[in-house]
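>>> sequence and predicted structure, then a few things I'm wondering about:
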Amino acid sequence: MRDDRESMEFDVVVVGGGPSGLSSAIRLKQLCPDLSVCVLEKGSEIGAHILSGAIFEPHALAEL
């Protein structure tokens with residue numbers, strides 16, 4: 001049986017578009033701009049599922 005689904009290749013795939021996933025993807029691109037990085041988020045937009053009741057200081061993420 002033949003599989004006709006589309007596929008894409010990446011050097012790095014980050015699962016989750018929360019603070020740690022986004023900061024990891026940003027830092028990887030800073031260190032190696034030629035790297036192909038994909039961020040997968042199951043929500044309708046990046047960061048849609050980061051509400052966990054945790055207190056988050058966005059200053060470090062903004063500095064990246």
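On my side now, so go ahead.

>>> in contact with residue 37, which residues?
With contacts taken as C-beta atoms under 8 Å, 6 or more residues apart in numbering, residue 37 has the following neighbours: 10, 11, 12, 13, 14, 25, 28, 29. Just so you know, the C-beta spots here come from the backbone N, C-alpha and C atoms, and that holds for glycine as well.

>>> please redo it, this time with the cut-off set to 6 Å
For residue 37, the contact set (C-beta atoms under 6 Å, 6 or more residues apart in numbering) comprises 12, 25, 28, 29.

>>> give me the nearest residue to the last one, chain neighbours excluded.
Beyond its immediate neighbours in the sequence, the residue positioned closest to residue 29 (C-beta to C-beta, 6 or more residues apart in numbering) is residue 37, lying 5.8 Å away.

>>> using PDB, list the CA coordinates for stretch 15-24.
Listed next in PDB are the C-alpha coordinates belonging to stretch 15-24 (Å, rounded to 0.1, in the frame of the first residue of the first chain):
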ATOM      1  CA  VAL A  15       7.100  19.800  20.600                       C
ATOM      2  CA  GLY A  16       5.200  22.500  22.500                       C
ATOM      3  CA  GLY A  17       5.000  26.200  21.900                       C
ATOM      4  CA  GLY A  18       5.300  27.200  25.500                       C
ATOM      5  CA  PRO A  19       8.100  29.200  27.100                       C
ATOM      6  CA  SER A  20      10.600  26.400  27.200                       C
ATOM      7  CA  GLY A  21       9.900  25.200  23.600                       C
ATOM      8  CA  LEU A  22      10.000  28.700  22.200                       C
ATOM      9  CA  SER A  23      13.200  29.700  24.000                       C
ATOM     10  CA  SER A  24      14.900  26.400  22.900                       C
END
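
>>> could you list the buried residues of it?
Judged by neighbour count using 16 or more other C-beta atoms under 10 Å, the buried positions of stretch 15-24 are 16, 17, 18, 19, 21, 22, 24.

>>> what mean pLDDT does it have?
Stretch 15-24 carries an average pLDDT of 86.
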